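structure for the following, please:
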Amino acid sequence: MKVFFEFVKKENIILFFILTIGLFLRLYNLGKPDFWNDEACSIVFSKNLGYIFCDMHPPFYYALLKFWIFIAGETEFRIRLLSAIFSIVTVFFIFKLGQKMFNKNIGLIGAFILSVSPIHLWYAQEARSYVLITFLVTLCVYVFALIVYENRKDLHSVFAILLLLCLYTEYISFFILAATGVVFIFKQPRFFLKEWILSWIAALAGFLAWAPVFWIQFTNVVRDFWIEKVSQNTLINTLQNFNLGYESGYHISNIAVFLFLFLAGIFLSKKQERIKVTMLASMIAVPFAALFIMSATRPVYLDRQLLPVTVFYYLLIAKGIESFKNPLKILPLALVLSMLFLSVPGYYKAVNSNKKSFKPLVDYIRQGLKEDDVLCITTGSAVTTVPYYLSKCSKIMPEIYLLHAKKGDSQRLHVSDLKVKKWKGEYWINGVRDLAQDESSHIWVVSGSWKRDGYLDINSSEVCNWFQSKTGLLVKKAFDGLFLEARSIKR
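You can find the predicted model right below:
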């Protein structure tokens, strides 16, 4: 009976309501879109962890996904469910963190913002590691807060283990969690300084086993990566996405409202709260600064890597709302929540418009596929997804090639001008087949771009021009922004 009365406390009822809304939003439409390229990569890497050196992420998420697929199955809903679960648990722990560092009202407001945040809904419904690292970082900081503010010495080893798991999930976590050390500028928490340093030494020592692979991944990024350079609009765009998600339709107005409340949460804090506010602000500023500095030599900035810092961003916004006196605080709270709720339909619209349907194209290939056929892919949007879905539904698995046209005159393109990679089982390896001399019944060519605008990207255009001069067209069909051609060698 005592447990029941504890549960029916007002804050627990509100938290239950927040979690229910968040869970519904994360499960709604979860399995409808087909996997896009990065999600297919997650599945491929989880099935063969030896391919991870080709990726730009550490292995923990892929290892966890491998276990999850083994027990849950391999449908869009079941695979994405793992991210949805970690996301909704993060909503609970942002409440616990806000309650521990400030009060239950700030915890509840922060949890409400995160539960309906469109950018969190996006990655809660995607088979990628960004939600897992957000959960782990939030839990790690919560454990850190328990140690510092409740002197929980029994949690020192837990903190070290969580540090290690974070490093093995996303590299950006190093900069986020290293920023917790800013609290030792103040005298009060210094009793934990020695244990904090030892925890980091233990975590980094455990990470040494992965260091050689990390170096390979790092050099790959330095040599060739697709991320655009940072600009004067990068920070504004990131704030826009953190506030109301991708393609929200709001601009200066939402940035002004959220930024005002964020700054109010920092500068209107009480004297006894300065240690906590400084730590939260540092865990936002340090990773931002690190990515900007590194991007000066080689672009590595992706705002989705910074998803964990939104936890601290939302808590400071919640603190800014709480800084208003009653009954005025209801106004900024209502404004923020109304903007978020109005943006949620935009999230589902954006997902449906950005994630292509690959299954109809793959099914059409499957129906016409013969033993000696060849499949060529010219666009990055289909490079992993089409082979993945084809391997799941077709008894015949053709030789599959990724074709990259070298720079030059597309009219004079010939086979030596094509960079060819061959799909072997579950990942690309170098291929050398001379497509111009191919005697297959059909050469299937998948082309397009990342968008659904009906245009070919530059590489697809050049490669398709080459095929047009060397082969005869049998069939051409369009599938949701992708183009499929069946071709034969000209005799």
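
so S441 lies in a strand, does it not?
No: secondary structure of S441 (DSSP: H, G, I helix; E, B strand; the rest coil): coil, not part of a strand.

that one is in contact with A486, isn't it?
No: counting by CB atoms under 8 Å, S441 stays clear of A486, with 9.3 Å between them. Quick note: C-beta positions are derived from backbone N, CA and C, even for glycine.

more neighbours: the two, which one.
A486 (20 against 16; other CB atoms under 10 Å).

next one: phi and psi at the more buried one?
Phi and psi for A486, reported as degrees, to the nearest 10, are phi -100, psi 120.

I'd say it and F467 touch.
No: with contact defined as CB under 8 Å, A486 does not count as touching F467 (11.1 Å).

any common contacting residues for these two?
443, 445 (CB atoms under 8 Å, 6 or more residues apart in numbering).

so who does the closest residue to G454 other than its chain neighbours touch?
Among residues not flanking G454 along the chain, G481 sits closest, at 6.8 Å (CB to CB, 6 or more residues apart in numbering). G481 sits next to 356, 381, 448-449, 451-454 when contact means CB under 8 Å, 6+ apart.

now the element after whichever strand or helix holds F135, going C-ward?
Using DSSP states H and E, the element containing F135 is helix 130-150. Per DSSP H and E, the first helix or strand lying C-terminal to helix 130-150 is helix 156-167.

that next one - contacts with which helices or strands?
Judged by 3 or more CB pairs under 8 Å, 6 or more residues apart in numbering; DSSP states H and E, helix 156-167 is in contact with helix 130-150, helix 173-178, helix 193-207.

where does the stretch 351-491 of the chain dip in pLDDT?
Filtered on pLDDT under 70, the stretch 351-491 of the chain yields the residue ranges 406-440, 490-491.

all the helices of it, residue numbers only.
Using DSSP state H, counting those that start in this stretch, the helices found in the stretch 351-491 of the chain span residues 359-368, 385-393, 458-470.

make JSON lines out of the ones you listed and add distance to P299.
Shown next, in JSON lines, are the helices of the stretch 351-491 of the chain (distance: least, CB to CB, whole Å):
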{"stretch": "helix 359-368", "distance to P299": "31"}
{"stretch": "helix 385-393", "distance to P299": "25"}
{"stretch": "helix 458-470", "distance to P299": "19"}
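
quick one: closest of those to A178.
Using CB to CB as the measure, helix 385-393 is the one of the helices of the stretch 351-491 of the chain that comes nearest A178, at 36.1 Å.

what is the closest one packed up against?
With 3+ CB pairs under 8 Å, 6+ apart as the test, helix 385-393 has helix 37-47, helix 359-368, strand 374-377 packed against it.

deepest of the ones you listed, which one?
For the helices and strands packed on helix 385-393, the largest average neighbour count (mean count of other CB atoms under 10 Å) is found in strand 374-377, namely a mean of 23.

give the partner strands of it in its sheet and their orientations.
Here strand 374-377 is paired, per DSSP bridges, with strand 399-405 (parallel), strand 443-448 (parallel).

residues of the longest one that come out buried?
I take that to be strand 399-405. Going by neighbour count (16 or more other CB atoms under 10 Å), the buried part of strand 399-405 is 399-403, 405.

just the helices and strands packed on helix 156-167: most buried one?
helix 130-150 (a mean of 23).

from Y149, how far off is the residue nearest to the spatial centre of the chain?
With distances taken as CA atoms, centre = their mean, the residue of the chain nearest its centroid is Y130 (4.1 Å). According to CB to CB, to the nearest Å, Y130 stands 28 Å off from Y149.

again, but for Q367
Q367 is 63 Å from Y149, by CB to CB.

only the buried residues of stretch 300-320, if you could.
Buried residues in stretch 300-320, counted by 16+ other CB under 10 Å: 300-303, 305-320.

same question, stretch 283-300
Going by 16+ other CB under 10 Å, stretch 283-300 has these buried residues: 283-284, 286-288, 290-291, 295, 299-300.

of all pairs in the residues you listed, which one is the farthest apart?
M283 and P299 (23.0 Å).

returning to that earlier point: S157 is nearest to which of the helices and strands packed on helix 385-393?
That would be, of those and by CB to CB, helix 37-47, which comes in at 28.2 Å.

I'd like the average pLDDT over the closest one.
Taken as a whole, helix 37-47 carries a mean pLDDT of 90.

got the helices and strands packed on helix 156-167 as TSV, with distance to L259 columns?
Shown next, in TSV, are those (distance: least, CB to CB, whole Å):
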stretch	distance to L259
helix 130-150	21
helix 173-178	20
helix 193-207	31
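
between these, which one is nearest to K329?
From those, taking CB to CB, the stretch that ends up closest is helix 130-150, at 24.0 Å.

what angle do the closest one and helix 156-167 make?
160 degrees (axes from the mean of the first three to the mean of the last three CA atoms, to 10 degrees).

relative to helix 193-207, how tilted is helix 130-150?
Between the axis of helix 130-150 and that of helix 193-207 there is an angle of 150 degrees, by the same axes, to 10 degrees.

helices or strands up against helix 130-150?
Secondary-structure packing of helix 130-150 (3+ CB pairs under 8 Å, 6+ apart): helix 60-72, helix 76-101, helix 118-124, helix 156-167, helix 173-178, helix 309-322.

what's the fifth one packed up against?
Spelled out, it's helix 173-178. Secondary-structure packing of helix 173-178 (3+ CB pairs under 8 Å, 6+ apart): helix 130-150, helix 156-167, helix 274-294.
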